[in-house]
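Asker: Next one to model:
(2 chains)
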Protein chains: 2
Amino acid sequence: MRLVTVRIDGATRAGRVSGDEIVLLDAPDVRAVLEAGSVADGRLPVAEAGGSVALESADLAPLIPAPDKIVCVGSNYMDHILETGKQPPPYPIYFAKFRGALTGPRDPMCLPAPDVSVNADWEAELALIIGKPVRNITEGEALDAIAGCAVLNDLSVRDWQMRTTQFLAGKAFERSTPLGPALVTADEVGDGTGLDISCTVDGVVKQSSNTSQLVFGPAKLISDLSTIITLMPGDVIATGTPGGVGAARDPQEWLTPGAVVRTAIEGLGELVNTCIVD
Amino acid sequence: MRLVTVRIDGATRAGRVSGDEIVLLDAPDVRAVLEAGSVADGRLPVAEAGGSVALESADLAPLIPAPDKIVCVGSNYMDHILETGKQPPPYPIYFAKFRGALTGPRDPMCLPAPDVSVNADWEAELALIIGKPVRNITEGEALDAIAGCAVLNDLSVRDWQMRTTQFLAGKAFERSTPLGPALVTADEVGDGTGLDISCTVDGVVKQSSNTSQLVFGPAKLISDLSTIITLMPGDVIATGTPGGVGAARDPQEWLTPGAVVRTAIEGLGELVNTCIVD
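Answerer: The predicted structure follows:
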């Protein structure tokens, strides 16, 4: 099952993808669907609302417009670690992103104004979407907490990210981070490992890897985070990016206004975002 | 004016402190009051709801139970920087805390279980509470964005904070971070600078400083953050902690179950929290 959040009449509405249609559901967004009950087995915990919209022309909102938490993971692909000249970390490296950083899967991807930064970079990532509240769970229990998976691009403003020890400043720029296009439920996609992942900019492949390269996999991340805090339905875990980011290229490459970024994961679909200056 | 969020009948309610009473307001919490309009001039944008409760025995919730954002600032007091052997940073060091980390001003302060960590540390902080949406504002405009100030203790699980380069893991433990007791509006407290700040553990003074020691003051922090993302009513900026934390002592000191932590700022009141294992 594929679930989306779509903008209609100035509000949002959850929907289920059925062929080339989105069947509207009785919930304002996908987080509300997950709060109503489990979708991991491919069944819907909410009713259909009546009505549908065409998938191709739908105005898709960020899959989870307002998550309780967005947890990002740094240095979590072996190939990305190698390109940045580092060692695999002994523990997962977590940082946060605020919900205001999210944007829709077909929306513009907002870059900072040129006088703020010209160092915006792409980061294709597998996003795990949590399906139920969990705290202090083992790795063996962790996969049951996954509602499904989606695609995220963790746009990174590198000079702001690296101007201090803490990444947050470069990871939270408003409407910079597309999330979607759909929640593909766990009965279809499992924990999202073993899938090809890529990012192209203006048709040129910049990142091409496989989620099997994750250093810390979904079960480890969920179990470890649940030691700290209760993960909630609709929480987003961005699991890190593979090699090929612009900052690690020689010469370095950055996103510029008008660039079209395609972020894709096998079986999950793709984000297509045109860069604009916010 | 002093505003609080109080738990009543299984829900929360905003209130205005009047002598030894809390006059209940027609809003579920202080964030909702701020979303209804400005309080910076000491006027209320919502009506009284009828009824009051005694301040002394009230069950106070976290001042803002569910902020859109909690931004914390590291290494922002000159005396704390000196005790950790560092230099003042060239830019503010930001990291995030999730709303689930908050606890009430008189609630237990939850420590990790001993097999998770025994390195929980105190951090008394001035919290700025944002009063209106602001983006891309100058330092000159920034003070108008402050609804008022409160007290926060940024409980820090040091081994988890320092196990990677990113602090989040040690800063987000559930129900660890008291916020309150009240929002003291900006007409009374200004931007919160020039106030004595302290933390005592079991009656022993551990931190004693003044918010004039801030390296990056409120106007700079708000202006800088507004470059990244829109600050929203009820957003919390924890401005950093002064010297005297347990990790910097010789020998190091940690919070243990049963310890009573008092976190106070001149004119803003105090948090009194007993440590428990969560």
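Asker: can we go C-alpha only for contacts and neighbour counts from here?
Answerer: OK.
Asker: Next, name the residue at the spatial heart of chain A.
Answerer: The centroid of chain A falls nearest to A:Leu152 when counting by Cα atoms, centre = their mean (2.6 Å).
Asker: Verify the stated contact: it with A:Thr177.
Answerer: Yes. With contacts counted by Cα atoms under 8 Å, A:Leu152 reaches A:Thr177, the gap being 6.8 Å.
Asker: Now do the contacts for A:Ala54.
Answerer: Listed by Cα atoms under 8 Å, 6 or more residues apart in numbering or on different chains, the contact partners of A:Ala54 are A:20-22.
Asker: Next one: stretch A:162-170, is it in contact with chain B?
Answerer: Yes. Applying Cα under 8 Å from any Cα of the partner chain, one finds stretch A:162-170 touching chain B at A:163-169.
Asker: what about that stretch, start to end distance?
Answerer: The first residue of stretch A:162-170 is 8 Å away from its last residue (Cα to Cα, to the nearest Å).
Asker: What residues sit buried inside that stretch?
Answerer: Along stretch A:162-170, these residues count as buried under the neighbour rule (16 or more other Cα atoms under 10 Å in any protein chain shown): A:163-164, A:166-170.
Asker: same deal with stretch A:226-234?
Answerer: When neighbours are counted by 16+ other Cα under 10 Å, the buried residues of stretch A:226-234 are found to be A:226-234.
Asker: how far away is the residue of chain A positioned farthest from its centre from A:Val6?
Answerer: The outermost residue of chain A, judged against the average C-alpha position, is A:Gly50 (28.7 Å), by Cα atoms, centre = their mean. The gap separating A:Gly50 from A:Val6 is 14 Å, by Cα to Cα.
Asker: what do you get for A:Met109?
Answerer: Counting by Cα to Cα, the gap from A:Met109 to A:Val6 is 17 Å.
Asker: hang on, A:Gly42 in a strand?
Answerer: No. Assignment of A:Gly42 by DSSP: H, G, I helix; E, B strand; the rest coil gives coil, placing it outside any strand.
Asker: so which helix or strand takes in A:Glu35?
Answerer: For A:Glu35, the element it lies in under DSSP states H and E is helix A:30-36.
Asker: which of the residues in that helix are buried?
Answerer: Using 16+ other Cα under 10 Å as the test for burial, helix A:30-36 gives A:30-36.
Asker: is chain B contacted by the least confident helix or strand in chain A by mean pLDDT?
Answerer: With mean pLDDT, DSSP states H and E as the measure, the helix or strand of chain A carrying the lowest mean pLDDT is helix A:78-83 (a mean of 82). No. Using Cα under 8 Å from any Cα as the criterion, no contacts between helix A:78-83 and chain B are found, and the smallest distance is 14.4 Å.
Asker: hey, C-alpha coordinates of whichever helix or strand comes after that helix in CSV?
Answerer: Beyond helix A:78-83 on the C-terminal side, the first helix or strand identified by DSSP H and E is strand A:93-96. Below are the C-alpha coordinates for strand A:93-96, written out as CSV (Å, rounded to 0.1, in the frame of the first residue of the first chain):
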residue,chain,number,x,y,z
ILE,A,93,25.5,10.1,14.8
TYR,A,94,22.1,11.8,15.4
PHE,A,95,21.0,15.3,14.7
ALA,A,96,17.6,16.9,14.3
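Asker: List the contacts of strand A:93-96.
Answerer: A:69-76, A:167-168, A:171, B:95-97, B:164-169.
Asker: and the residue nearest to A:Ile146 when sequence neighbours are not counted, what are its phi and psi?
Answerer: Once flanking residues are discounted, A:Ile146 sits nearest to A:Ile130: 4.7 Å by Cα to Cα, 6 or more residues apart in numbering or on different chains. Phi and psi for A:Ile130, reported as degrees, to the nearest 10, are phi -80, psi 140.
Asker: my guess is A:Ile130 meets A:Asp144, correct?
Answerer: No. The criterion here is Cα under 8 Å, and A:Ile130 misses it with A:Asp144 at 9.2 Å.
Asker: Which one's more surrounded, those two?
Answerer: When A:Ile130 and A:Asp144 are compared for neighbours, A:Ile130 comes out ahead with 26 against 19, by other Cα atoms under 10 Å in any protein chain shown.
Asker: Might you report the residue contacts of the more buried one?
Answerer: Going by Cα under 8 Å, 6+ apart, the list of residues near A:Ile130 reads A:145-148, A:231-237.
Asker: what about A:Val118, which SS state?
Answerer: Following three-state DSSP, A:Val118 is assigned to coil.
Asker: count of neighbours near it?
Answerer: Burial of A:Val118, expressed as a neighbour count using other Cα under 10 Å, amounts to 16.
Asker: got it, and A:Pro251?
Answerer: Applying other Cα under 10 Å, we find 8 residues neighbouring A:Pro251.
Asker: same deal with the one 10 residues further on?
Answerer: When counting by other Cα under 10 Å, one arrives at 26 neighbours for A:Val261.
Asker: likewise A:Gly51?
Answerer: The number of residues packed near A:Gly51 is 11, by other Cα under 10 Å.
Asker: and it, backbone torsions?
Answerer: In this entry, A:Gly51 is assigned phi and psi values of phi 100, psi 160 (degrees, to the nearest 10).
Asker: List the contacts of it.
Answerer: A:Gly51 touches A:23-24, counting by Cα under 8 Å, 6+ apart.
Asker: Could you rerun that using 10 Å?
Answerer: Shown here is A:Gly51, whose contacts under the criterion Cα atoms under 10 Å, 6 or more residues apart in numbering or on different chains are A:15, A:21-25.
Asker: How about the residues of the stretch 51-200 of chain A by chain B?
Answerer: For the stretch 51-200 of chain A, the contact set with chain B under Cα under 10 Å from any Cα of the partner chain comprises A:66, A:68-71, A:73-74, A:89-101, A:112-113, A:116, A:135, A:157, A:160, A:163-175.
Asker: In three-state terms, label A:Leu255 for me.
Answerer: Classification of A:Leu255 by three-state DSSP places it in coil.
Asker: next one: phi and psi at it?
Answerer: Torsion angles at A:Leu255 (phi, psi; degrees, to the nearest 10) stand at phi -70, psi 140.
Asker: For it, which non-adjacent residue is spatially closest?
Answerer: The shortest distance from A:Leu255 to any residue other than its chain neighbours is 5.4 Å, reached at A:Ala120 (Cα to Cα, 6+ apart).
Asker: and the gap between that neighbour and B:Val46?
Answerer: Following Cα to Cα, the distance that separates A:Ala120 from B:Val46 is 42 Å.
Asker: quick one: which of those two has more around it?
Answerer: Looking at A:Ala120 and B:Val46 with other Cα under 10 Å, you find the greater number of neighbours at A:Ala120, namely 24 against 18.
Asker: Let me see the contact set for that one.
Answerer: Contacts for A:Ala120 (Cα under 10 Å, 6+ apart) come out as A:110-112, A:155-160, A:170-171, A:176, A:246-247, A:253-256, A:275.
Asker: Which ones among these lie within strands?
Answerer: Among the contacts of A:Ala120, DSSP state E puts A:110-111, A:156-157, A:275 in strands.
Asker: Neighbour-wise, give me the winner out of those.
Answerer: Within these, A:Val157 tops the neighbour count with 29 neighbours, counted by other Cα under 10 Å.
Asker: ok, now which ones touch it?
Answerer: Under the criterion of Cα under 10 Å, 6+ apart, the contact list for A:Val157 reads A:111-112, A:116-122, A:167-173, A:176, A:247, A:254-255, B:228.
Asker: ranges for the helices of the stretch 151-278 of chain A?
Answerer: If DSSP state H, counting those that start in this stretch is used as the criterion, the helices of the stretch 151-278 of chain A fall at A:158-162, A:168-171, A:186-189, A:218-228.
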